[in-house]
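K.L.:
Sequence and predicted model, in that order:
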Amino acid sequence: MVWLAVTAAITGAFFLAFGTQRQSSAVRASAGGLNVTGLGMVRLFKTPRWVFGLVLLGMGMSLNVYALANAPLTVVQPIGAIALVITTVVNAREHHIKMNRPTILAIIACMIGSVGFVVLAIQVSAADHMITVSQELLTIMILVVVVLVFGGAVVMLPHRLGAFFYIMGAGVLFGFVAVLVRTIAIALLDPNGRFLANVTWYSVLAVVVAGLLGSYFVQNAYSKGPPDLVIAGLTVIDPIVGISIGIAILGELDPNVRPAMALSMVAAGCIAIVGVIALSRHHPDVLERKAEAKKRPKLSDGN
């Protein structure tokens, strides 16, 4: 069952990657680097390219929900790094960007680190793990604080927030969404026959609020940077948040994990993170933007 969940997560990563690329190009054409407002979101629903991306994202998320229902967070979450690789390649082909050697090495590091972490996590994850009501409530209480912090920043400082803020906010929020989706899925699959009666209303509300706010953040991140860098941020922050909650609050790891295995997991995770950081610094699109930023002051001085 775990390997079937992994297969679903990998397939979902392909849908998420192509959906992200479609939406990103539509948002950048519509917003042109500006913040996406409420009216801007409404206009996007009238854009076929954005809607097609939404359909692809919906299919990818459905597969990811299945994966989360049948495998621990520590196994499913790191697989999202595959979407980063796909998005980078697709974006490069669409915009005729030639990937340099550091970018290629960064992609390889992401793949090796993510695959290594997943293989190790499958071996040390606790079997038939159940989530208690107290664990669920604690997760939601922390999420409330997160929503207040990021939502408050958007209200108080709407024009001072850059791409990094939106990427970080979306990653944190979607990390919580993944945890709560797994909680709801486990409740629905409970063999007691109660189905929907097992699901708490506050978990559903928390998923809706965090999902909507996270989606708003993602659209604004699209308008301020290339899609592969947005995905790069999400594939680091989202899994870190989800896995941290899975280990610290939900207790998903086997308590008898050997130190060598734990260190190997940390090493694999670090390799993936280093790959994402390298991609964000050496990506051709980033280098081009930095070069343009350096030219602007010189041009203004000449005027």
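P.N.:
Thanks, I have the structure now. Numbering: from 1, shown residues only.
K.L.:
Could you list the low-pLDDT ranges of the stretch 51-200 of the chain?
P.N.:
Applying pLDDT under 70 to the predicted model, the residue ranges of the stretch 51-200 of the chain that meet it are 73, 77, 125-129, 191, 193.
K.L.:
Please enumerate the helices of it.
P.N.:
73-76, 81-94, 101-124, 133-156, 163-188 (DSSP state H, counting those that start in this stretch).
K.L.:
Those helices: which one's closest to Leu57?
P.N.:
Proximity of those to Leu57 was assessed by C-beta to C-beta; the nearest stretch is helix 81-94, lying at 10.5 Å. C-beta here means a position set from N, CA and C on the backbone, and glycine is covered the same way.
K.L.:
same for the closest one, what does it pack against?
P.N.:
Contacting helix 81-94 under the criterion 3 or more C-beta pairs under 8 Å, 6 or more residues apart in numbering; DSSP states H and E are the following elements: helix 2-31, helix 101-124, helix 227-248, helix 259-282.
K.L.:
redo that, cut-off 6 Å
P.N.:
For helix 81-94, the helices and strands in contact under the criterion 3 or more C-beta pairs under 6 Å, 6 or more residues apart in numbering; DSSP states H and E are helix 2-31, helix 101-124, helix 227-248.
K.L.:
Would you format the ones you listed as TSV with mean neighbour count and distance to Pro259 included?
P.N.:
Written out in TSV, the entries for the helices and strands packed on helix 81-94 read as follows (neighbours: other C-beta atoms under 10 Å; distance: least, C-beta to C-beta, whole Å):
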stretch	mean neighbour count	distance to Pro259
helix 2-31	21	23
helix 101-124	19	12
helix 227-248	24	15
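K.L.:
and the residue positioned nearest the centre of the chain, what does it touch?
P.N.:
By C-alpha atoms, centre = their mean, the chain has its centre lying nearest to Leu234, at 3.6 Å. Contacts here follow C-beta atoms under 6 Å, 6 or more residues apart in numbering; on that basis Leu234 touches Gly171.
K.L.:
Which positions in stretch 89-99 come out as buried?
P.N.:
When burial is assessed from 16 or more other C-beta atoms under 10 Å, stretch 89-99 yields the following buried residues: Val90, Asn91, Ala92, Ile97, Met99.
K.L.:
List the residues that contact the last one.
P.N.:
Taking C-beta under 6 Å, 6+ apart, we find Met99 in contact with Ala92.
K.L.:
number of nearby residues for Val266?
P.N.:
When counting by other C-beta atoms under 10 Å, one arrives at 12 neighbours for Val266.
K.L.:
What of Leu161?
P.N.:
Residues near Leu161, counting by other C-beta under 10 Å, number 18.
K.L.:
repeat for the one 3 residues further on
P.N.:
A count of nearby residues for Phe164, using other C-beta under 10 Å, gives 14.
K.L.:
Leu205 now?
P.N.:
Summarising burial for Leu205: neighbours were counted as other C-beta under 10 Å, giving 12.
K.L.:
Which helix or which strand is home to it?
P.N.:
Assigned by DSSP states H and E, Leu205 falls within helix 201-224.
K.L.:
and that helix, average pLDDT?
P.N.:
Averaging pLDDT along helix 201-224 gives 88.
K.L.:
what's that helix in contact with?
P.N.:
The set of residues external to helix 201-224 that reach it, using C-beta under 6 Å, 6+ apart, is 24, 27-28, 31, 33, 35-36, 140, 143, 163, 166-167, 169-170, 173-174, 176-177, 180, 183-184, 230.
K.L.:
What subset of the residues you listed is buried?
P.N.:
Among the contacts of helix 201-224, those classed as buried by neighbour count (16+ other C-beta under 10 Å) are 24, 27-28, 31, 35-36, 140, 143, 163, 166-167, 169-170, 173-174, 176-177, 180, 183-184, 230.
K.L.:
rewinding a little: reformat the helices and strands packed on helix 81-94 as CSV; add distance to Leu263.
P.N.:
Supplementary listing: the helices and strands packed on helix 81-94 in CSV, determined by distance: least, C-beta to C-beta, whole Å:
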stretch, distance to Leu263
helix 2-31, 23
helix 101-124, 10
helix 227-248, 15
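K.L.:
For Val76, find the nearest of the ones you listed.
P.N.:
Nearest to Val76, of the helices and strands packed on helix 81-94 and by C-beta to C-beta, is helix 2-31 at 5.1 Å.
K.L.:
Show me what the closest one is packed up against.
P.N.:
helix 48-70, helix 81-94, helix 201-224, helix 227-248.
K.L.:
so can I have CSV of those showing distance to Gln135?
P.N.:
Supplementary listing: the helices and strands packed on helix 2-31 in CSV, determined by distance: least, C-beta to C-beta, whole Å:
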stretch, distance to Gln135
helix 48-70, 15
helix 81-94, 26
helix 201-224, 11
helix 227-248, 9
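K.L.:
All set, thanks.
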